[in-house]
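# Prediction below, plus the sequence it came from.
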Amino acid sequence: MNRLIPMKKEQILWIAASAVGLLGTAAAGLAGVASLPAPVAGVSLAAAWVSIAVTLGMLIRHLARLKAMTQVFRVGAQMKIPFDSRRDSVLGEIAVAAEQFLDETHQKVRQMQDENRDLGLQVQLLRRRKSSIEAILNSIQDAVLVTDDRDRVLLANTAAESLFGFKFDKDNPCLVHDAVSWRELIRLIGKSRQSRTPHVRHELTFPQKDGPITFNTVLSCVLDDFGNVLQVVAVLHDVTREKEISQMKNDFVSHVSHELKTPLASINAYAEMLVDGEAQDAETTRQFCSVIQGQAQRLGRLIEDILNISRIESGLIKVSRQTHSLALVIRDAVQMIMSYAQEKNIAIHAPASILYDQVSIDRDMISQVIINLLSNAVKYTPAGGQITINSELNEVEGTVCVTVADTGVGIPEKDIAHIFDKFYRVEANNKYAKGTGLGLNLVKQIVETVHGGSVFVTSTPGQGSTFGFVLPLSKERAVQMVS
C-alpha cells in the first residue's frame, strides 16, 4: 500500500488560494448570468483577484528562490543558499538536497584536486628521473643502444650517436639498420631477440679511418611478465686500448725473456766449462771469467734499464730537480765517454759552453741521456769517424736544444718512426753493435715524461744520424730573459 506523503503548509495555502480563486471566479460568472445582486458579484470578483495576487506572490517568491538556487549551482559549493531552507517550505527539501549535493560535490572536487596535485608531483618526479637517467646515459663513455621488438631505436646516448654517426630523435624513432651500418651488430641484436637470452657478451672489431676498433659488446633482452621480448639493450665498451696494452705487455715479456736468455746462456755455458775443467791455464780461466763478468754486467744494465723505465712510466721514480748549467752536464758526459771513443779513434767535438743555459733537471738522469746518445754514436760510427755535440739556446721560446751528430752508418727511413720504441733495434745495424733496445726508450722517457721536453732524430743511411732533445729553461732564467 502506497504511503501518503504529507503536504507542506505552503502547498495547503497554495491549494486553498487556488480553490478560493476558482470559486470566486465561478461565483462572479454565475452572478453575471443569474443576475445576482451586485455585492455578491463584487465579493466573488474580489476573492478571485485576491487568489490571483496570492498565487502570483508565491510564484514570484519561488522564482526568486529558484534563481538563487540556480546561482548557487552555477558558482559551486563555496556559496551557500541565501534563504531559509526550512523543511516545511515547498522548496525546503529541494534546497536541503541541493546543499547536500553541493557539499558532496565539493568534497569530491577537493579529493580530485588532491589526487590531481599528487599526480602532478608524480609526473614531475618521473620527468626529473627521466632527465636524470638521460643525463647519466649521456655521461657514460660506452655506447648504449636500445631497440624494440620492431627494430626501432628507442634510446641512444651521446656516445652511440657519435660512434654510429646519427642523430637520435625520440619523437621519430628510426630503424636500427638505418642508424647502424655495422651489419654484424645488427645481426647479433636480431639473434639476441630471437633467442631471448638475458645477457650475452661478444667481442666485435669494426674498421675505422684511424684503424680497427674493438668493442666488448653486451646484449641484454628485456622481457615482460609473459616472456615476450620488449627491448634489446646493446652496450659497447671500447677495449681497443686495453688490447693494445695487453699486446704490448705480451711483447714486453717476450722481448725481456729473449734479452735475458742470451746473457744467461753465455754465463751458464762458460760456467759449465769452468766446472768441467776446460780452462787449462790461468789465461783461459781469466778469459772465461771475463766473458761471465761482461755478460753479468750486460744483464745488470738490462735489468736496471727495465726498472728505470717501469718506475718512470708508473710515476714511482724519485726525481731530484735542481737548477744546473746544461753545458757543464754535457762537458762531464763527454769526459766520461772520451776514452771509449778514443779506442775507435773517433773524435768528439764539443763547442764552448753556452752562458745562462740554466735548466731545472735531475742531473743524473739528464747525464744518463747524454751518455746514452754519445755511447750509441760511438757504437755505430766506424773507426776514424767524428761525433759533434752541440747545444743551442732559443730565448724566444725559452728552451735549449742539445744535438748529437755522428758520421756513422745511419738509420733506414722505415725504422725512424720506431727507433724510440722499447726493445726496438734496427735490423740492418745489428752487426755493428749489440744492445737491448732500451737505451733510446729510456732517453725518451727521461726527457719527455720526467722533464716535459721532446726528443727527435734525423738520419741518412751511410752518412750518419743526429739525435737530439729539447728542454725548457728554468723559470728563473726565463724571467731574466723576459725582463
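Ah, there it is.

# make it CA atoms for all contacts and neighbour counts henceforth
Noted.

# mind checking the longest helix of this protein?
helix 92-139 (DSSP state H).

# Centre of the chain to that helix, how far?
38 Å (CA atoms, centre = their mean, to the nearest Å).

# Just want the angle from the next helix or strand after that helix to helix 92-139.
Next in sequence after helix 92-139, counting helices and strands by DSSP states H and E, comes strand 143-148. Counting by axes from the mean of the first three to the mean of the last three CA atoms, to 10 degrees, strand 143-148 lies at 140 degrees to helix 92-139.

# The following helix or strand past strand 143-148: partners in the sheet, and parallel or antiparallel?
Per DSSP H and E, the first helix or strand lying C-terminal to strand 143-148 is strand 153-156. Sheet partners assigned to strand 153-156 using DSSP bridges are listed as strand 143-148 (antiparallel).

# just checking, what packs against the longest helix of the chain?
helix 158-164 (3 or more CA pairs under 8 Å, 6 or more residues apart in numbering; DSSP states H and E).

# Off-centre distance for the helix it packs on?
11 Å.

# which element follows that helix toward the C-terminus?
Past helix 158-164, the next helix or strand by DSSP H and E is helix 176-179.

# got the CA coordinates for stretch 178-186 in CSV?
Output in CSV follows, covering the C-alpha atoms of stretch 178-186 (Å, rounded to 0.1, in the frame of the first residue of the first chain):
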residue,chain,number,x,y,z
ASP,A,178,69.1,2.9,-40.8
ALA,A,179,71.1,4.2,-37.8
VAL,A,180,73.8,1.5,-37.6
SER,A,181,76.0,0.5,-40.6
TRP,A,182,77.7,-2.4,-38.8
ARG,A,183,75.8,-5.4,-40.1
GLU,A,184,77.4,-7.8,-37.6
LEU,A,185,76.0,-5.8,-34.7
ILE,A,186,72.5,-5.7,-36.3
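
# Show the average pLDDT along that stretch.
The average pLDDT within stretch 178-186 is 87.

# Could you give the separation of it from the chain centroid?
The answer for stretch 178-186 is 22 Å, by CA atoms, centre = their mean.

# same question, stretch 230-238
Its chain's average C-alpha position is 16 Å from that of stretch 230-238, according to CA atoms, centre = their mean.

# So what touches it?
With contact meaning CA atoms under 8 Å, 6 or more residues apart in numbering, stretch 230-238 is reached by 141-149, 189, 192-193, 213-224.

# change it to 6 Å
142-149, 214-223 (CA atoms under 6 Å, 6 or more residues apart in numbering).

# Restricting to C-alpha, output that stretch in PDB.
Written as PDB, here are the backbone C-alpha positions of stretch 230-238 (Å, rounded to 0.1, in the frame of the first residue of the first chain):
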ATOM      1  CA  LEU A 230      60.100  -5.800 -25.200                       C
ATOM      2  CA  GLN A 231      63.600  -4.400 -25.800                       C
ATOM      3  CA  VAL A 232      67.100  -5.400 -26.600                       C
ATOM      4  CA  VAL A 233      69.800  -3.300 -24.900                       C
ATOM      5  CA  ALA A 234      73.300  -3.200 -26.500                       C
ATOM      6  CA  VAL A 235      76.200  -1.700 -24.600                       C
ATOM      7  CA  LEU A 236      79.500  -1.300 -26.400                       C
ATOM      8  CA  HIS A 237      82.700  -0.800 -24.400                       C
ATOM      9  CA  ASP A 238      85.800   0.200 -26.400                       C
END
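
# List the buried residues for that stretch?
Judged by neighbour count (16 or more other CA atoms under 10 Å), stretch 230-238 contains these buried residues: Q231, V232, V233, A234, V235, L236, H237, D238.
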